[in-house]
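Novice: Prediction below, plus the sequence it came from.
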Amino acid sequence: MNKLIAILVSLSILITGCWDKVEINKRIFVISMGIDKFEGQQFKSRENEIFPNFIPDRYKITFTYPNLALIVGDGAGEATHKITSTGININDIQKNLNTHLEGVISFDHIKLIVLGEEMAKDEELMKEVLDFIERSPEIGRRIHLMVAPGEAADILSTKLPQPIPLGLYVRDLMNKPTRAARSADADIGYILRNLHESDAAIVPRINSSKNEIVVAGAAVVKNYKMAGWLGEMETLYLMFMLDKVDTATGNVIVDKRILPILVSDSTTKMTVSKKEGRIHVAFNIEAEGSITQHGFALVGQTFDPKYIRRVEKDVEERLEKNIARTYKIIREKFGADLIQAGEYLRKKDPKVWDEVKDNWEEYFTKSQSEVNVRMKIRRVGVTR
Amino acid sequence: MGFIDDLFQKKEDERYKIPVEKDFKKNFDAIKEILTNCDDIIYRDFNVGQDQKMRFAIIYAEGLADKNLINEHILQNLMILSRMANMNIETLKQKIYEVIKDGTVAVTDLREIEDVNVAVDVILSGETILILDKWDKVLMIATRGWPMRSVSEPSTETVIRGPSEGFTETLRVNTALVRRRIRDPRLKIKQFQIGRRSKTDVAVLFIDEIANNNVLRMVKERLDKIDIDAILESGYVEQLIEDNWRSPFPQIQNTQRPDAVAAALYEGRIGIIVDNTPFALLVPSTVVSLLQSPEDYYERFFISSAVRVLRFIAMALALTFPSLYIATTSFHPGMLPTDLALYVAGTRMKVPFPAFIEAFLMEAALELLREAGIRLPVPIGSTIGIVGGLVLGQAAVQAGIVSPLMVIVVALTAMATYAAPSYSLAASFRLLRFILMALAAFLGLYGIIIGLFVLLFHMCTLKSFGVPYLSPFAAAEMTLGDFKDVFLRVPLHMMRKRPSYLHRSDNDRLSKKTADIFSWEGDRNEQK
Amino acid sequence: MNRNNDQISSAQLAFTLAITMIGIGILSMPRTLVEKVGPDALFVVLGGIVIVVVLAFIISKLVTKFPKEGIVEFGNTLLGKFLGTVMALGLFAHFIFFTAIEVRMFGEIIKTYLLLHTPLEVLMISYLLTVVVVVRGGIEPFARMSQILFPIILISSAMAILPMIGELDFTHFLPVFRTPVLDLVKALPLMIFSFLGLELILLFSAFVKDTKNIAKNVMFSAGFTGLIYFVTVAVTIARFGLVETTHMIWPGLEIYKTIDIPGAFIENIQIYVLASWILSVLMTTVGVYYGASLTLSRIIKSPEQGFLAVLMLPVIYYLALMPDGLLQTLEFMDLFSNYLGTLYLVLVPIVLLGMSLFIKKKGGSKSE
């Protein structure tokens, strides 16, 4: 008898249950999201007069979700559907969109979040967005957060040459093994961690022309708002400082001949110390590379150790100079501790950190840098 | 020895005993009366001796007894050859019965019977009864012999490497098949009858000193408790002696392969062979033993181990794959990689049902297909497979009722299910799959976990003849040695002991000598 | 042949204890530790392990003095009938609260990560029913389940950590020993309460066949659980850094969000880890719930432990529904572990051991 009751109860639960059940084809998988600041005209409606304590819309958010029919191979049209809406905050917009869309919005597979430049420069909004990302149980920590010059919505409107959702395109672009170091290597996890630990982080820059996407350069975020841009080359040298270079190419001029050097392996050791009242940051870089091109019919030169040493020296000098310049820009223009020197001190030299931590920004802007590069050219291709 | 003798003590026949009397006529009539209206019983009375004064009769069941044998070795001897004997010789007269028994009937097995009821029983088993004049016993002559299926390859449990002999419907042939593999006097075959009316022969096989006495006692006790009118198949015995009838899991292994029975006996398990069926029972059995195939031991250990691992994966798939499909598609699409999730969503776009209904329909269709395929004659059976599998599947996908991925899931699950060497285990998995599917449709992944958790609990409570069903995983004293034959099948020379969870006195399987010198590489003899 | 019911080996006892100790706490432990002591969290873990192993030794010393007896029985012998019963009732309450908190926390976590819209009540009832089914089975199936599930949970979680190893940054543990020693000591109880569940030896020892091996196995069990905690804390902090670890409610779970295995069949490893975590918490709750029902059945000397377990279900369900939200649940949890936890994990065993030594001496002098 007891069993019968138990079975009946569980059956009734079974039949009435399924609260969370949403079929996969009834979900709208937001793949990329663009967040812009909204300062347009407030819509004066009758209800706003009834409820005078309304909060004005602050965000303009663009969601793109894939055209599923196209993915399976039957159907035509755009690779993604796009929907834009304004609202007070992201959750508000998400709820608003429920009146527009037949499916349930899901962030499970979001791959790219693009912030508009104006939005990123607003501390209040930036904090809200970052918290939304961190707090959401759905959004993973390996997705990409990027800043776009201009409007994020424009980026999401880009028509890519292949019919593939933008978010997936960017994911593949960022994850390929030969990714150029000119785009900042930073996913959301990294950005959040650095913002927590050092109050400064770089966010990759995404740019678009008519049907092209470029991820290069970076935005500097300091004190939870965007402070400015780093160009492609600056980003590259910053990546050298952060020991995040997998491959990079550079050109040197030796004997008036332009040689492309492929840096294939580079490790950076950063040491921070305090000397004579100033912070002293030293980068020791060891890099390996190869010559991928040399002059035609110049047999033997690449087999000459002295010549190779000259090439190496030239690379070293160029790198040292350029990195030092980049460092100067970072500390003077932004005053942002992007290289996590403060964190280094806190961990390795807590005594010094206790002295400087209160005026850390000042110390950092006045800090000195020293760059030592050891370049080794290991390979010269298959001709002598 | 005493233990076994005690255990298998002959019980007194509870029926009213009808003693055989000295009067020929009385005995003859008594049997005839019991077997009245049994038209397949042949009575043949005849006179014996020079002067034809002695009256004998033989009674047998037609079709069960070997007629040739009766004609040539009983009737001919008694009726024709005996005339040459001089019946007047005094000694012969007194010892007529001894003479007939020891000198005349040229048949291997003879027995004296004092009870008419017993005589009837043996007639119905195919033996011949010889009634002699003025003797208070009747003579049973072993004449069993009926047309039977010859030993052939079993239809289930086929192997590539290994003997292709399978059990037949005749108990004696089956025990012989086992005995051929175990020429040890300690292989005991104890035989008795179960079934008030059917009187089916049941033989319990075990190797003394290897088999565990507790299990043996349990087997005997439970068999003794069976009081049923008829045993038609070993399935009757299985269901009547298993530990927990509520469990979906088979707690007794059945096999058609004599080598599997022999291997089990060597492991210390006990075999039960029932007459009239080619399926022998093996107790105690565990999940692991149900997932082993005799072939595992015949092939080299690399491939066997790989197949074992594959089989465990197949079982996990068979149990959970459709429910995981439901959980991922209708509850947690985040579990899938993005590209796959989008693809699944795309293929399901036109599907009018929720994933649970879709999965349920397809799984039910598969079960239907399987059932239909078994019932139909072989040539049509394959047609059903093609019609059901290809045409129906294809049509369902094209019509958009079912997503192509669902078809893949169902097909994979079906394949995984039939990778189990034990049909009964696979059958129980098929059933449990549906329950897990319902739970997944209710609570997603959490439902599946709850289901598996309760299932595991059930398996943990289950015992097969005192041995935990999940041995060796959950034994009180875990021994590493027992795991040599679970996920992997280690090389034979490393399996020196029998599985410890069966607890027995003689535990050595492979002598240390063989194990120690086991590297035939660089064998000196080779160099010569 | 395991024919006798209600008997387990001391190795099985070790498994049941380990799987009971690892439960809710492991998910939030890195956060609470970092909040208190910053980069020195690992030393607190180590200190906690040492203390708990010693505690395990004390408790097993106590129970080995009374083979085949649980705390209810030897509590009565040592404390006298009245005090013994009061102590046992307290223990019962301790287990009941423990179960209720586990159930509630479980519901909250599942609702956050897995089933966002399913009512908490449904989650909790289905969970409690599952637990009760197993609790009614008695100690033997529970021990066997621990034996099977513990390696499964351990291996699956360890496998999930593997892809992270390359990206761990152990400089987050620098600087070493800059936290005031007092803070370290203050953080120790926090660590010890992660081992709540260990007090179940007081009950389960009655079932153990080989009493003499209890101490060895239980200490190993506590040590091994400590090791698991150690690895969890180490990996979490090394991955997230100090600040971010303190930002998350359950960093032990969030950590798996940072894994990305491109091209693998599974993407969101977090859900799979959550699945194995559910199994672990189920076992914890079964252990504690079983402890509660066992204590009660021993107190009222009723063999109907399974039936009592069913009767307790509504009480636990009601208790679990009491907190308003996650925040209050966490508060209740702190309160609970501070008082009842200290009492039954630390004080009671030590006092009882002292008493038993004292009484033994007295008894010894009497007889001679």
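Specialist: Yep, it's here.

Novice: To what extent is the residue of the stretch 201-350 of chain A found nearest chain C buried, counted in neighbours?
Specialist: Closest approach of the stretch 201-350 of chain A to chain C (C-beta to the nearest C-beta) occurs at A:Lys347, with a separation of 3.6 Å. In this view, the C-beta of every residue, glycine as well, is placed from N, C-alpha and C. Neighbourhood size, A:Lys347 [other C-beta atoms under 10 Å in any protein chain shown]: 21.

Novice: so what does the helix or strand that contains it touch, helix or strand wise?
Specialist: Here A:Lys347 sits within helix A:341-348, counting by DSSP states H and E. The helices and strands touching helix A:341-348, judged by 3 or more C-beta pairs under 8 Å, 6 or more residues apart in numbering or on different chains; DSSP states H and E, are helix A:188-198, strand A:257-275, helix A:350-356, helix A:360-365.

Novice: repeat that for 6 Å
Specialist: For helix A:341-348, the elements it packs on are helix A:188-198, strand A:257-275, helix A:350-356, judged by 3 or more C-beta pairs under 6 Å, 6 or more residues apart in numbering or on different chains; DSSP states H and E.

Novice: Dump the ones you listed to CSV, plus mean neighbour count, distance to B:Thr255 and mean pLDDT.
Specialist: Listed next are these as CSV, based on neighbours: other C-beta atoms under 10 Å in any protein chain shown; distance: least, C-beta to C-beta, whole Å; pLDDT from 0 to 100:
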stretch, mean neighbour count, distance to B:Thr255, mean pLDDT
helix A:188-198, 22, 56, 87
strand A:257-275, 16, 61, 87
helix A:350-356, 15, 71, 85
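
Novice: how far away is the closest residue to B:Ile228 other than its chain neighbours from B:Ala306?
Specialist: Residue nearest to B:Ile228 in three dimensions, not counting chain neighbours: B:Gly195, with 6.0 Å by C-beta to C-beta, 6 or more residues apart in numbering or on different chains. Computed as C-beta to C-beta, to the nearest Å, the B:Gly195 to B:Ala306 distance reads 45 Å.

Novice: What distance separates the opening and closing residues of stretch B:166-185?
Specialist: Counting by C-alpha to C-alpha, to the nearest Å, you get 23 Å between the two ends of stretch B:166-185.

Novice: whoops, I mixed them up, stretch B:261-274
Specialist: Length of stretch B:261-274, first residue to last, C-alpha to C-alpha: 13 Å.

Novice: is it up against chain C anywhere?
Specialist: No: counting by C-beta under 6 Å from any C-beta of the partner chain, chain C has no neighbours in stretch B:261-274; the shortest distance is 11.8 Å.

Novice: Quick one: mean pLDDT for that stretch?
Specialist: The average pLDDT within stretch B:261-274 is 91.

Novice: shaky segments in the stretch 51-200 of chain B?
Specialist: Scanning the stretch 51-200 of chain B for pLDDT under 70 picks out the ranges B:83-94.

Novice: Quick one: name the residues of chain B near chain C.
Specialist: Where chain B comes near chain C, counting by C-beta under 6 Å from any C-beta, the residues are B:214, B:332, B:334-335, B:337, B:445-446, B:449-450, B:453-454, B:456-457, B:460-461, B:466, B:473-474, B:476-477, B:503.

Novice: Select only the buried ones of these in ChimeraX?
Specialist: In ChimeraX, a selection of the buried entries from the residues of chain B next to chain C looks like this (16 or more other C-beta atoms under 10 Å in any protein chain shown):
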select /B:214,332,334,335,337,445,446,449,450,453,454,456,457,460,461,466,473,474,476,503
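
Novice: Find the closest residue to chain B in the stretch 101-250 of chain C.
Specialist: Taking C-beta to the nearest C-beta, the stretch 101-250 of chain C has C:Arg144 as its residue nearest chain B, at 3.5 Å.

Novice: the strands in the stretch 151-300 of chain A, which residues?
Specialist: With DSSP state E, counting those that start in this stretch as the criterion, the stretch 151-300 of chain A has strands at A:200-209, A:212-222, A:225-230, A:248-254, A:257-275, A:278-291.

Novice: Need the winner for burial among those strands.
Specialist: Neighbour counts (mean count of other C-beta atoms under 10 Å in any protein chain shown) averaged over each of these peak at strand A:200-209, with a mean of 23.
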